[in-house]
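1. Sequence first, predicted model second:
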Amino acid sequence: MAERIPIASDHAGYELKQHLSRALRELGYEVEDLGTNSPASTDYPDYAHPLAEKVESGEVKRGVLLCGTGLGMSYAANRHPGVRAAVAWAPEIAALARQHNDANVLVLPARFVSEEDGVQILKTWLETPFEGGRHQKRVDKIEASGHEHSGDK
Ligand code: RB5
């Protein structure tokens, strides 16, 4: 069965979202489009939270968000426990976000990447595995509260 991948954007990411949704379908994924559905102005948290909730709950393994800079979407998504949303503006960043950080949400800065680059970033993120090993304990520490990290009293 095809993996279902939710994707969402605000108005700034709308055009690239449409393009990447087509690319995901061509790659054989089932796309769950959570909006926005037009270039009309919207608020990015209204899209980041529903997508992040799906990842947080385990309903889906991973998802894709887009806004102008990628920043607003990442701030909102990263407030959800277990969500690791990475802004990637180049395939190399997407690869490292998977290898080192086990990023389960890809965030694209739509105003700063071309359609072609967007597809390459997306494909790299989809296909790159987490390296585990020394990176696992660091990823585990992300969920620890401020008082639990080593050296803090
Ligand atoms: C919308 O103008 C813009 O602020 C938004 O897409 C995003 O870049 C916010 O972080």
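-> Received, thanks.
2. Pull the number of nearby residues for the residue nearest to residue 123 when sequence neighbours are not counted.
-> Excluding the flanking residues, the one nearest residue 123 by CB to CB, 6 or more residues apart in numbering is residue 27, at 7.3 Å. For the C-beta atoms, the positions are set from N, CA and C on the backbone; glycine is no exception. Residue 27 has 16 neighbouring residues, counting by other CB atoms under 10 Å.
3. cool, residue 31 as well?
-> Using other CB under 10 Å, the number of residues around residue 31 comes to 19.
4. From the ligand, how far off is residue 86?
-> Using CB to the nearest ligand atom, to the nearest Å, we find residue 86 at a distance of 15 Å from the ligand.
5. quick one, what contacts that residue?
-> 74, 93, 94, 97, 101, 103, 105, 106, 107, 125 (CB atoms under 8 Å, 6 or more residues apart in numbering).
6. Mind checking which of those land in strands?
-> For the contacts of residue 86, the ones inside strands are 105, 106, 107, with DSSP state E as the criterion.
7. out of the residues you listed, which touch the ligand?
-> Checked against the ligand using CB under 6 Å from any ligand atom, the ones in strands among the contacts of residue 86 yield no neighbours at all.
8. Tell me the residues of the chain that contact the ligand?
-> Counting by CB under 6 Å from any ligand atom, the chain comes close to the ligand at 10, 12, 44, 67, 68, 69, 71, 72.
9. 8 Å - rerun?
-> By CB under 8 Å from any ligand atom, the part of the chain that sits against the ligand consists of 10-13, 41, 44, 67-73, 75, 109-111.
10. So which bits of stretch 100-110 are buried?
-> Counting neighbours by 16 or more other CB atoms under 10 Å, one finds that the buried residues in stretch 100-110 are 101, 102, 103, 104, 105, 106, 107, 108, 109, 110.
11. residue ranges with poor pLDDT in the chain?
-> 146-153 (pLDDT under 70).
12. quick one: the helices in it?
-> Under the criterion DSSP state H, the chain carries helices at the ranges 14-26, 45-57, 71-77, 91-99, 115-127, 134-142.
13. quick one: contacts of the shortest one?
-> Just to be clear, that refers to helix 71-77. Helix 71-77 is contacted by residues 9-10, 13, 44-45, 47-49, 51-52, 55, 65-67, 83, 85-87, 105, 107, 109 when judged by CB under 8 Å, 6+ apart.
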